[in-house]
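Asker: Predicted model and sequence below, questions to follow.
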Amino acid sequence: MATGDLALGQEQGLLNARPRVTNDFSINVATVNGSGSQSANSVLLKSIFGMGVPVSGKNLFPSNIAGLPTWYIIRASKDGYVARKRDSEVLVALNPDTAREDTLALPPGGVAIYEEKLDLKQYRDDLVFYPVPFDKITAAVCPEAKLRKLVRNMVYVGAVAQILHIDIGVVESGLRKQFSKKQKVFDLNFGAVKAGFEYAQTTFTKQDPYFIEPMNETKGKIIIDGNAACGMGAVFAGVTVVAWYPITPSTSLIEATTDLLKKFRVTPEGKATFAVVQAEDELAAIGMVLGAGWAGARSMTATSGPGISLMAEFTGLGYYAEIPGVIFDVQRTGPATGMPTRTQQSDVLSAAFLSHGDTKHIVLLPGSVTECFEFGYAAFDLAERLQTPVFVLSDLDLGMNNWMSDAFVYPDKPLDRGKVLTKEDLDRLGGFARYRDVDGDAIGWRTLPGTDHPKAAYFTRGSGHNDAAGYTEKPDEYQEVMERLLRKFENARKLVPAPVVVKNGSSKIGFIAYGTTDFALRESLDQIKKEYGKDVDYLRARAYPFAHEIHDFVAQHERVYVVEQNRDGQLASLLKLDLPAEQVAKLRSILHYNGLPVDARTITEEFATKEGL
Amino acid sequence: MATANATPKVNHIGLPIIEYRGGKSTLCAGCGHNAISERIIDAMYEMGVEPERVMKMSGIGCSSKSPAYFMSRAHAFNSVHGRMPSVTTGAVLANHTMTALGVSGDGDTASIGMGQFVHLMRRNLPMIYIIEDNGVYGLTKGQFSATADIGSKLKTGVINDLPGIDTCALAIQLGATFVGRSFSGDKKQLLAMLKAAIAHKGTVMLDVISPCVTFNDHEGSTKSYKFLQENDEPINEIGFVASFDDIEVDYDSGEVYDVQLHDGSNLRLRKLLEDYDPTDKANAVRTLMEAQEKEEILTGVFYIDTQKPTFIDLLNVGDEPLGTLPESLTRPPKSALDSLMKNLQ
């Protein structure tokens, strides 16, 4: 049989007449979680990457161990777009429970590669169908029954590679890298890939227009997830104490950190220069972080929304007692338990003001894996320089998905350990007042426990204190400390990462976004230009407190759209608190918060509606 | 005036006791906590601990205020309610060369802090954890705490109808390696216990009954001075010989139980309860449970284990404090990043 398996013969000509779509489509692999499809998906992604084609992968998975639907969406984009696309053109259907729904979601002319038993032709007559007997092929190449579930995934890699013209040599070298030390495992897996490839080769004639063709856009680039990048940042910041409690989607950040610490941070004598503690809960995790930060360690935790809520009381203590510490918040969909395996940018307000009383926190907003790495180490410098907890707000989309990036650059500056007095300083000074602003930068000098000087100690407390760290209930003494804390926070505007501004001339319209919204927004700005002929300006916020450039940007535009992935326009709210009153009315929100990463089309449509275009 | 020029008495590191004192106590006159602060001062002085080598850690409550009243030269951290264990854990991870002394109360430990308390005990973090235990919340004016004995009566006449938590039994079961109970009014026993605690490496958990003169020192209270004076039953008499004391210790069997502590000091427990073996975990817990049934208040060193690895040992941390390691040891070189990048291409 050498013909394509088309639903309706008379449409064959129509489909064949469609122009080729090269390196610009998405593949949706629909499986069940716990089936081991993750490594096959990764091989597929890296094969496209290996052909030099810009690619991104998104894992849409359930909060479940095994057996529930999972989708992995691979987007190839010659233009380098890495945001989620609303539709996927190619479906790999392996999950009987969602096969009908997944098939119905394909755009007309889409492709279904599927387990032949699923008989998807009954649902649509406007698709290209490639039925594959996965079980039969798997059984032939994998005599050991218990391994078949895993090996089956590699069969679809082979079939997809053949149909989309992905170079099997690239698949092979990717697999070889993945199983570099396990020849037998490689043989088994590549055998399955080949079987799938050969089946497709001998069975189908290509009827669809989707092709992967070699490009040269990925040379020197890396593929990494945001959690691993954050962990790498922490390790290259010289983190020494890590305390954490498992929570999706932040767990892999700690796992990556721990792996790197084990690899790079053991002395020749075999001693660890780090401590990683799985705490009893998030309250203990942040308590350990602050205790360690107080005693001089570079300390961190990683968590998500529910953990942030639990850390509230301690974070306020960290702010008021001025103790460094880094909190990575990999945001997920709230409120409450919400959707633990779906993404959102909805911890912005709670992170910024976490805890009772007047508290404000430094919040960094990485918008790429590169920034996960760079902010990952910068956060420790800022925490020690400013003597306060610093949040790094990533999200599930950034943290748990694979992203293409330029290789990370080694930090060009030494660690900034902040203002710490040594024994020699104390000999010279004769003493110190912990919370006194002696330098006019609103930051006091601190000592570390263990400083060998009779005047080194001070009393750290969350109760009212004066500038010498003494207990106080005196109104003026209390207020003096609070005012200095406010000045310190104001000064931080100049120390945190500045926004990135893209200006297109004298546009009246500006966009503001942050974090992962950037990927979709940049694509949307191209759509807006192409489809509506509008050049607009764009500012990507990278931290709170807001740098003055953000005020200027709003002042320079008539209308400013703040695009973010939460219901309440949280960053817009923060901006409204910060901006002069006459600027506030310029802000309007474009929001996306259904748990899926925002896509460009949603932003473009919403913008067009709001602008009456 | 022959004494005018006399050198003040100093300890073996040359410090007078005044260097171990703290600020003036703001607790009620007669509060048991003040007596405990005095014993801490005595113990640290007699052991010759350098004050700035001590971290005083506490949570929230009357007890947790007390670190301000001893050892002003020591570093201090008054944290949040019930969470001193985690803060101390972090601080000790950053610098395990310090002596960590945590002061908590019965509310701070056995109610709001129970989660952190039990996990601290499991880890055998090297620190001394003192519960200044009076069975009531003082700062909020006298509600029962979770260590109040069943049947104990408040001044208002309210009877406690829930069983008290025995923090010592719990600590032994969970893995603390030096567990004892004392009474703030028993100077000799408490001082000896504190000195041994300083010499021990691992989690020391001391429950010190410390009567609240304002809210829980009346007839019908089981944590009053009078009740303790009448019902305190020591299971052993504690003798302590510091490593630097030039005293020969006769190790004999039968009547006494000798324990060699980590710094070479000797802890001698003279048996008052027949055949009590302080290394027998199950027996220690059983003894405490039986005493609770009989409404007896046992004091003494209930359990000791000098062999169990500490949390620092388990984490395989080196001798230098993590907090002050130089950048050359904490930031991997450029070649490390380059190799990672290569693998990701």
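Answerer: Sure thing, it's come through. Keep in mind it's a predicted model, so treat the numbers as computed, not measured.
Asker: list the contacts for residue 299?
Answerer: Chain wasn't specified; assuming chain A. For A:Ser299, the contacting residues are A:239-243, A:288-290, A:292-293, A:324-326, B:90, B:94, by Cβ atoms under 8 Å, 6 or more residues apart in numbering or on different chains. For every residue, glycine as well, the C-beta is placed using N, CA and C.
Asker: oops, I was thinking of chain B
Answerer: B:180-183, B:186, B:189, B:209, B:232-235.
Asker: what residues does the stretch 1-150 of chain B put near chain A?
Answerer: Taking Cβ under 8 Å from any Cβ of the partner chain as the contact definition, the stretch 1-150 of chain B meets chain A at B:19, B:51-53, B:55, B:57, B:67-68, B:72-80, B:83, B:85-95, B:97-98, B:115-116, B:119.
Asker: Buried subset of these as a PyMOL selection?
Answerer: In PyMOL, a selection of the buried entries from the residues of the stretch 1-150 of chain B next to chain A looks like this (16 or more other Cβ atoms under 10 Å in any protein chain shown):
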select buried, chain B and resi 19+51+52+53+55+57+67+68+72+73+74+75+76+77+78+79+80+83+85+86+87+88+89+90+91+92+93+94+95+98+115+116+119
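Asker: Sitting in strands, which of the residues of the stretch 1-150 of chain B next to chain A do you find?
Answerer: Residues of the residues of the stretch 1-150 of chain B next to chain A located in strands (DSSP state E): B:55, B:57, B:75-78.
Asker: Kindly reformat those as JSON lines containing pLDDT.
Answerer: As requested, those are exported to JSON lines (pLDDT from 0 to 100):
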{"residue": "B:Met55", "pLDDT": "98"}
{"residue": "B:Met57", "pLDDT": "98"}
{"residue": "B:His75", "pLDDT": "98"}
{"residue": "B:Ala76", "pLDDT": "98"}
{"residue": "B:Phe77", "pLDDT": "98"}
{"residue": "B:Asn78", "pLDDT": "97"}
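Asker: In stretch A:131-150, which residues are buried?
Answerer: A:131-132, A:134, A:137-138, A:141-142, A:147-148, A:150.
Asker: Which of those residues fall in helices?
Answerer: Of the buried residues of stretch A:131-150, the ones assigned to helices by DSSP state H are A:134, A:137-138, A:141, A:148, A:150.
Asker: and the residues you listed, which two are the farthest apart?
Answerer: A:Ile137 and A:Leu150 (14.1 Å; Cβ to Cβ).
Asker: buried stuff in stretch A:163-182?
Answerer: So stretch A:163-182, judged by 16+ other Cβ under 10 Å, has buried residues A:163-164, A:166-168, A:170-172, A:174-175, A:179.
Asker: Just put these in CSV and tack on distance to B:Asp275 and pLDDT.
Answerer: Below are the buried residues of stretch A:163-182 laid out as CSV (distance: Cβ to Cβ, whole Å; pLDDT from 0 to 100):
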residue, distance to B:Asp275, pLDDT
A:Ile163, 81, 97
A:Leu164, 80, 97
A:Ile166, 78, 97
A:Asp167, 80, 96
A:Ile168, 78, 96
A:Val170, 76, 96
A:Val171, 73, 96
A:Glu172, 73, 96
A:Gly174, 70, 90
A:Leu175, 68, 93
A:Phe179, 62, 87
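Asker: A helix includes A:Glu549, no?
Answerer: Yes. Assessed with DSSP: H, G, I helix; E, B strand; the rest coil, A:Glu549 lies in a helix.
Asker: Neighbours of it, how many?
Answerer: A count of neighbours around A:Glu549, defined by other Cβ atoms under 10 Å in any protein chain shown, yields 15.
Asker: if we can go back for a sec, ok, of the ones in strands among the residues of the stretch 1-150 of chain B next to chain A, which one's closest to B:Asp319?
Answerer: Taking Cβ to Cβ as the measure, B:Met55 is the one of these closest to B:Asp319, at 17.8 Å.
Asker: Quickly list what the closest one is bridged to.
Answerer: B:His75, B:Ala100 (DSSP bridges).
Asker: correct me, but it touches B:Ala100?
Answerer: Yes. The pair B:Met55 / B:Ala100 is scored as a contact, 4.9 Å apart, by Cβ atoms under 8 Å.
Asker: Would you mind listing the residues touching both of the two?
Answerer: In contact with both B:Met55 and B:Ala100: B:88, B:91-92, using Cβ under 8 Å, 6+ apart.
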